[in-house]
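Enquirer: all I have is the shape, not the residue letters:
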């Protein structure tokens with residue numbers, strides 16, 4: 001996030017401050033270790049795991065604009081010795097949308113964003129963190145947290161997709177190992193958004209948006225990608 005899309009992290013910071021939070025950004029933080037672990041080398045990630053715990057154990061909550069990172073901390077830090085610090089960090093690491101709705105319990109935002117927006121429901125957030133209910137499940141539907149937040153934005157029109165929660169094809173190392181399939185899946189997702197008139201594609205995971213943006217730029221498709229934090233922060237108090 002800080003290397004490629006700092007604007008999304010900055011928007012997250014500004015949004016939380018505007019909502020009254022005391023926000024700190026530990027400059028000593030590094031990656032949570034997800035890329036190495038996903039590549040099958042979790043043993044090499046242990047140093048990153050422990051460093052993450054050391055950096056964040058003193059805070060009440062750890063909020064990230066990245067569902068995949070949050071999922072990794074909550075579900076894959078189980079390989080560490082479960083000290084009190086590790087347990088606390090795992091429990092208190094939240095996706096931005098979870099924090100806004102479940103902890104701050106916001107019900108409105110003085111936000112304006114007069115554009116037609118397509119919502120991409122990233123797999124780690126939807127299927128891992130259960131920020132909504134994926135269409136392949138038959139259990140009682142749970143409202144999408146991202147959808148709920150976007151509905152608070154004045155002037156925003158959320159387009160209705162044919163396949164509202166299909167994977168974009170990124171999948172981290174999947175896009176490297178199976179590039180042809182990955183790109184085809186990405187093209188299918190973009191076509192769905194574009195055919196419905198979306199000016200912008202938004203999501204809670206910048207990795208998915210990075211994948212889609214790469215295809216969009218190579219295909220010269222007139223559509224933008226913007227992290228949901230940037231949309232939610234598009235206001236002045």
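Expert: Structure's in. What do you need? What you see is a predicted model; the values in this text were computed from it and never measured. Numbering: from 1, shown residues only.
Enquirer: in this structure, what residue spans correspond to helices?
Expert: 6-18, 34-38, 46-56, 67-76, 84-92, 96-98, 123, 145-150, 174-177, 179-195, 206-219, 228-232 (DSSP state H).
Enquirer: wait, which of those helices is closest to residue 26?
Expert: helix 46-56 (4.8 Å; C-beta to C-beta). All C-beta spots, glycine's among them, are computed from the backbone N, C-alpha and C.
Enquirer: redo the helices of the chain as JSON lines? Include mean neighbour count and distance to residue 131.
Expert: What follows is those, written out as JSON lines (neighbours: other C-beta atoms under 10 Å; distance: least, C-beta to C-beta, whole Å):
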{"stretch": "helix 6-18", "mean neighbour count": "18", "distance to residue 131": "16"}
{"stretch": "helix 34-38", "mean neighbour count": "18", "distance to residue 131": "18"}
{"stretch": "helix 46-56", "mean neighbour count": "18", "distance to residue 131": "21"}
{"stretch": "helix 67-76", "mean neighbour count": "23", "distance to residue 131": "7"}
{"stretch": "helix 84-92", "mean neighbour count": "16", "distance to residue 131": "17"}
{"stretch": "helix 96-98", "mean neighbour count": "25", "distance to residue 131": "6"}
{"stretch": "helix 123", "mean neighbour count": "20", "distance to residue 131": "11"}
{"stretch": "helix 145-150", "mean neighbour count": "21", "distance to residue 131": "5"}
{"stretch": "helix 174-177", "mean neighbour count": "14", "distance to residue 131": "21"}
{"stretch": "helix 179-195", "mean neighbour count": "17", "distance to residue 131": "18"}
{"stretch": "helix 206-219", "mean neighbour count": "19", "distance to residue 131": "13"}
{"stretch": "helix 228-232", "mean neighbour count": "25", "distance to residue 131": "11"}
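Enquirer: can you list those helices in JSON lines and add distance to residue 106 and mean pLDDT?
Expert: Output for these, formatted as JSON lines (distance: least, C-beta to C-beta, whole Å; pLDDT from 0 to 100):
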{"stretch": "helix 6-18", "distance to residue 106": "10", "mean pLDDT": "96"}
{"stretch": "helix 34-38", "distance to residue 106": "28", "mean pLDDT": "89"}
{"stretch": "helix 46-56", "distance to residue 106": "23", "mean pLDDT": "97"}
{"stretch": "helix 67-76", "distance to residue 106": "19", "mean pLDDT": "96"}
{"stretch": "helix 84-92", "distance to residue 106": "19", "mean pLDDT": "98"}
{"stretch": "helix 96-98", "distance to residue 106": "10", "mean pLDDT": "98"}
{"stretch": "helix 123", "distance to residue 106": "25", "mean pLDDT": "94"}
{"stretch": "helix 145-150", "distance to residue 106": "8", "mean pLDDT": "97"}
{"stretch": "helix 174-177", "distance to residue 106": "34", "mean pLDDT": "88"}
{"stretch": "helix 179-195", "distance to residue 106": "26", "mean pLDDT": "97"}
{"stretch": "helix 206-219", "distance to residue 106": "22", "mean pLDDT": "96"}
{"stretch": "helix 228-232", "distance to residue 106": "10", "mean pLDDT": "97"}
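Enquirer: JSON lines for these, including distance to residue 165?
Expert: Listed next are the helices of the chain as JSON lines, based on distance: least, C-beta to C-beta, whole Å:
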{"stretch": "helix 6-18", "distance to residue 165": "21"}
{"stretch": "helix 34-38", "distance to residue 165": "21"}
{"stretch": "helix 46-56", "distance to residue 165": "29"}
{"stretch": "helix 67-76", "distance to residue 165": "13"}
{"stretch": "helix 84-92", "distance to residue 165": "26"}
{"stretch": "helix 96-98", "distance to residue 165": "15"}
{"stretch": "helix 123", "distance to residue 165": "8"}
{"stretch": "helix 145-150", "distance to residue 165": "11"}
{"stretch": "helix 174-177", "distance to residue 165": "17"}
{"stretch": "helix 179-195", "distance to residue 165": "10"}
{"stretch": "helix 206-219", "distance to residue 165": "12"}
{"stretch": "helix 228-232", "distance to residue 165": "15"}
